[in-house]
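Trainee: model the structure of this input:
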Amino acid sequence: MKIIPISALIGLFFTFLYFFVAIFAPWIAPYGMAEIVGDVWEPSSSAYWLGTDSIGRDLLTRMIYGGRTTIFIATAATILSFTTGATLGFLAAVSGGWIDQVLSRFVDLIMAIPSLIFALVVLSVMPVTIPVLILVMGLLDATRVFRLSRAVAVDINVMDYVEAAKLRGEGLRWIIFREILPNALSPLVAEMGLRFIFMVLFVSTLSFLGLGVQPPQADWGGIVKENKEGIVYGISAALAPAFAIATLAISVNLVADWVLNRTTSLKGGRG
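Mentor: Below is the predicted model:
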């Protein structure tokens with residue numbers, strides 16, 4: 001059995017910690033999410049471990065609930081983007097012809113518009129709810145997953161074992177999910193870690209701009225927005241979510257790199 005490297009262990013620990021806190025937030029948080037418990041921007045103390053925010057809410061509680069919201073939205077949007085993008089990318093690569101052309105040109109059209117601008121335009125005319133955020137973010141990011149999965153599937157589609165499956169009379173579903181998908185996992189796993197972090201940054205950016213998670217709900221981008229004025233006065237409340245985003249990004253990337261190395265060494269190609 002291969003020993004898990006220290007970097008992967010660190011990544012696994014912090015990733016598990018963030019997800020654990022997100023899942024059990026109501027039982028871990030010391031106060032209510034929107035409960036005002038003290039004065040504005042109180043310093044750290046035994047009562048408020050991270051101090052209070054711009055209107056006197058416990059910052060640790062806001063961070064815990066904010067992490068829950070941010071991680072949930074990012075995870076759901078990542079699953080949606082990979083389910084949609086990878087399925088359509090594999091379909092385009094295997095089918096070829098007009099199906100490939102229509103899907104590829106449509107994706108090119110969507111990708112020509114910057115994702116942030118596209119999301120801001122859509123969210124400015126739609127009700128900003130968590131399901132809408134997940135749908136918009138997931139579908140926009142599916143275009144990038146489509147490009148990657150199609151490129152990988154095109155190379156795999158010409159392999160001998162795929163040709164043999166076609167000669168056996170296997171259907172499109174078998175070709176995609178039994179022949180191409182297992183051999184495309186390595187780049188997809190690595191990309192999934194990157195896309196998850198992109199989703200965390202994306203939803204945080206939308207919230208900072210006012211079109212993401214709406215108050216009184218908390219997310220890390222919203223916490224930065226609520227406390228950004230404090231930086232001028234030396235208050236570090238806005239830096240806590242930035243630190244959380246950075247550590248989560250590094251941890252997930254360490255895990256993704258380790259999983260990529262594992263799947264690459266175990267797969268070893270099919271013939």
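Trainee: what is the end-to-end distance of stretch 224-241?
Mentor: 7 Å (C-alpha to C-alpha, to the nearest Å).
Trainee: report the rounded mean pLDDT for it.
Mentor: For stretch 224-241, mean pLDDT is 86.
Trainee: what are the buried residues along that stretch?
Mentor: Buried residues in stretch 224-241, counted by 16 or more other C-beta atoms under 10 Å: V224, K225, E226, N227, G230, I235, S236, A237, A238, A240, P241. C-beta here means a position set from N, CA and C on the backbone, and glycine is covered the same way.
Trainee: identify the residues contacting the third one.
Mentor: If a contact means C-beta atoms under 8 Å, 6 or more residues apart in numbering, then E226 has D53, S54, I55, P215 as its contacts.
Trainee: with the second one instead?
Mentor: K225 is in contact with S207, F208, G210, counting by C-beta under 8 Å, 6+ apart.
Trainee: could you rerun that using 7 Å?
Mentor: S207, F208 (C-beta atoms under 7 Å, 6 or more residues apart in numbering).
Trainee: CA atoms of stretch 174-192 as CSV?
Mentor: What follows is stretch 174-192, C-alpha atoms only, in CSV (Å, rounded to 0.1, in the frame of the first residue of the first chain):
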residue,chain,number,x,y,z
TRP,A,174,-22.1,1.8,-23.1
ILE,A,175,-19.4,3.5,-25.1
ILE,A,176,-19.6,6.7,-23.0
PHE,A,177,-20.0,5.3,-19.5
ARG,A,178,-18.1,2.0,-19.7
GLU,A,179,-15.3,2.7,-22.2
ILE,A,180,-14.6,6.5,-22.3
LEU,A,181,-15.5,7.7,-18.8
PRO,A,182,-13.2,5.3,-16.8
ASN,A,183,-10.3,6.3,-18.9
ALA,A,184,-11.0,10.1,-18.7
LEU,A,185,-11.2,10.2,-14.9
SER,A,186,-7.6,11.5,-14.3
PRO,A,187,-8.0,14.8,-16.0
LEU,A,188,-11.6,15.2,-14.9
VAL,A,189,-10.7,14.6,-11.2
ALA,A,190,-7.9,17.2,-11.4
GLU,A,191,-10.2,19.6,-13.1
MET,A,192,-13.0,19.0,-10.6
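Trainee: neighbouring contacts of that stretch?
Mentor: 78, 82, 86, 90-91, 94, 145, 148-149, 152-153, 156-157, 161-162, 165-166, 256, 259-260, 263-264, 267, 270.
Trainee: if we go to 6 Å?
Mentor: Outside stretch 174-192, the residues within contact range by C-beta atoms under 6 Å, 6 or more residues apart in numbering are 90, 94, 148, 152-153, 156, 162, 165, 256, 259-260, 263-264.
Trainee: how far out from the middle of the chain is the helix or strand containing L188?
Mentor: For L188, the host element (DSSP states H and E) is helix 185-208. In terms of C-alpha atoms, centre = their mean, to the nearest Å, the centre of helix 185-208 is set 3 Å apart from its chain centre.
Trainee: okay, the buried residues of stretch 224-241 in TSV with secondary structure next?
Mentor: Listed next are those as TSV, based on DSSP: H, G, I helix; E, B strand; the rest coil:
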residue	secondary structure
V224	helix
K225	helix
E226	helix
N227	helix
G230	helix
I235	coil
S236	coil
A237	coil
A238	coil
A240	helix
P241	helix
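Trainee: what's the closest of those residues to R68?
Mentor: Here the nearest of the buried residues of stretch 224-241 to R68, counting by C-beta to C-beta, is P241; it sits at 12.7 Å.
Trainee: give the contact list for the closest one.
Mentor: Applying C-beta under 6 Å, 6+ apart, the residues near P241 are W220, I223, V224.
Trainee: could you rerun that using 7 Å?
Mentor: If you count contacts by C-beta under 7 Å, 6+ apart, P241 has them with M63, G66, W220, I223, V224.
Trainee: any idea how far A22 is from the closest residue to the second one other than its chain neighbours?
Mentor: Computed as C-beta to C-beta, 6 or more residues apart in numbering, the closest residue to G66 that is not its neighbour in sequence is A218, at 3.9 Å. A218 sits 12 Å away from A22 when distances are taken as C-beta to C-beta, to the nearest Å.
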